[in-house]
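*Asks:* Give me a 3D structure for the following:
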Amino acid sequence: MTTSRTTQTTTGATSATDRNGRGVVKPTPAELMEDTGSGLDYGVRPDRMPGFLTPTDRFYIRSHAPTPRLDPATWTLRVEGGGVHEPVTYTYDDLWNRFPHVSVVRTIECAGNRRVLFGEEVGRPFAGTQWGRGAIGTAEWTGVRLRDLLEPAGITTEACEVMPEGLDEIRARRPLPLDKARADDTVVALAMNGEVLAPDHGFPARLVVSGWLGAASIKWLGRIEVSEAALYVPWNTEDYVVIGPNVPADEHARGPAITALPVSSLVELPWPARLRAAPQVIRGRAFAGENRVVRVEYRIDEGPWQDAPIVSPQTPGAWVRWQIFWDPEPGEHTLRVRATDDQGNTQPDSSSWNELGYLQRSVLAHPVHVESATRREPSHREWEIASRPSRRVA
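*Replies:* Numbering: from 1, shown residues only. Coordinates of the predicted model:
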């Protein structure tokens, strides 16, 4: 394990940067995580997702600055702005002891997930974090409903937007409508999968905004502004917006801000995949943002579309798991999967081009090589055993 040095941030906290230039705390071994090359952003390997919930040690990391190290003894969360009657400041103990707690199982996905594959689809690379398929994860988030923290401040009748702000070096922030802030499943999370939040995932407290792009679920919360007017920041005017020839800009933003995510799916295999010529189970996930996935279909080569049974709960804001049985013949194959949500939205054959490479949602042609030899590939269980020494959470 490498030693770490710290750099002082503008918040008075410290942020960790290790000798390899990583700005994160937890280990990110290659057998579990995909390195995008930024030193801040790591995706989960789709073939290393062992259950419905994503274990914390492999939950993807997306950050705009190095992970801050915050002291819960001195940390506070302040609710203020022109949309409240009286500012309120909470301590870490307040969030644990003064308010009812709720637990929600929700999926968080970066709007730029699959950007590399999107670039291959349109024949040109996109700038930005070079995500494969791993900028997505599902966890049980436990904490306080955001509305319970807003109400003691007294929301004015003209209040319309709520903007959480993080305590990282760049003060990441992004507004959301008051109605979304007050939703039952918009939560200020203190715990993840039954454990106190890890530093890379927002300790001491982070927001979880159900069904929206990951950038809305601000980590390392320090301030929440309630406003009586629309709020404009880089994260809803220049970045995390849809910019394209058929998308109008306005005086405030280069394009409309991304909010709820579209329906998409993935296969729990490497890209490209190598399989044995033997009967086996192929598994995957599908997600539909605020909506509920109701159907998953698959197609092998030029064969017909067939139903892929869904084998997990079907909940708005959370992915589903599906699985199929396949006895493949040796050779080269293409596996396609498409999902449909409860609003009738089905993954299309192509994604809508936009300048920043967001919202890749088209059906992916997953390349699969099936070996004719009898050589056996390591099983998922064998990979899990081999990776155990590296899976400690910092």
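
*Asks:* Phi first, then psi, for Lys180.
*Replies:* When read as degrees, to the nearest 10, the backbone of Lys180 gives phi -70, psi -40.

*Asks:* what's the nearest residue to it if we skip its chain neighbours?
*Replies:* Leaving out its chain neighbours, the residue that sits closest to Lys180 by Cβ to Cβ, 6 or more residues apart in numbering is Thr186, at 6.3 Å. C-beta here means a position set from N, CA and C on the backbone, and glycine is covered the same way.

*Asks:* A helix includes Gly119, no?
*Replies:* Yes - Gly119 forms part of a helix when assessed by DSSP: H, G, I helix; E, B strand; the rest coil.

*Asks:* Touching, it and Trp131? I think so.
*Replies:* No - using Cβ atoms under 8 Å as the test, Gly119 is too far from Trp131 to be in contact (10.4 Å).

*Asks:* More neighbours: these two, which one.
*Replies:* More crowded of Gly119 and Trp131, by other Cβ atoms under 10 Å: Trp131, with 27 against 17.

*Asks:* what's near enough to touch Thr129?
*Replies:* Taking Cβ atoms under 8 Å, 6 or more residues apart in numbering as the contact definition, Thr129 lies against 36, 38, 41, 62, 110, 112, 115, 135.

*Asks:* Surely it is in a strand?
*Replies:* No - under three-state DSSP, Thr129 sits outside any strand and is assigned coil.

*Asks:* Mind putting the contacts of Thr129 into a markdown table with distance to Ala191, neighbour count and secondary structure?
*Replies:* Below are these laid out as a markdown table (distance: Cβ to Cβ, whole Å; neighbours: other Cβ atoms under 10 Å; DSSP: H, G, I helix; E, B strand; the rest coil):
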| residue | distance to Ala191 | neighbour count | secondary structure |
| --- | --- | --- | --- |
| Thr36 | 27 | 23 | coil |
| Ser38 | 27 | 17 | coil |
| Asp41 | 23 | 25 | coil |
| Arg62 | 20 | 24 | coil |
| Cys110 | 22 | 24 | coil |
| Gly112 | 27 | 28 | coil |
| Arg115 | 30 | 25 | helix |
| Ala135 | 22 | 25 | coil |
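
*Asks:* count of neighbours near Ala230?
*Replies:* 11.

*Asks:* tell me which element it falls in.
*Replies:* For Ala230, there is no helix or strand it lies in under DSSP states H and E.

*Asks:* related to what we said a few turns ago, Arg173: which of the contacts of Thr129 is nearest?
*Replies:* The closest of the contacts of Thr129 to Arg173 turns out to be Arg62 (Cβ to Cβ; 15.0 Å).

*Asks:* Local confidence estimate at that closest one?
*Replies:* We have a pLDDT of 98 for Arg62.

*Asks:* Now do the contacts for it.
*Replies:* So Arg62 contacts 40-41, 110, 129, 135, 214-215 (Cβ under 8 Å, 6+ apart).

*Asks:* can you do 7 Å?
*Replies:* Arg62 sits next to 41, 110, 135, 214 when contact means Cβ atoms under 7 Å, 6 or more residues apart in numbering.

*Asks:* what's the neighbour count on Pro87?
*Replies:* Pro87: 12 neighbours (other Cβ under 10 Å).

*Asks:* The residue lying closest to it once chain neighbours are set aside and Leu178, how far apart?
*Replies:* Nearest in space to Pro87, with sequence neighbours left out and distances taken as Cβ to Cβ, 6+ apart, is Glu80 at 3.9 Å. According to Cβ to Cβ, to the nearest Å, Glu80 stands 15 Å off from Leu178.

*Asks:* Cheers, nothing more for now.
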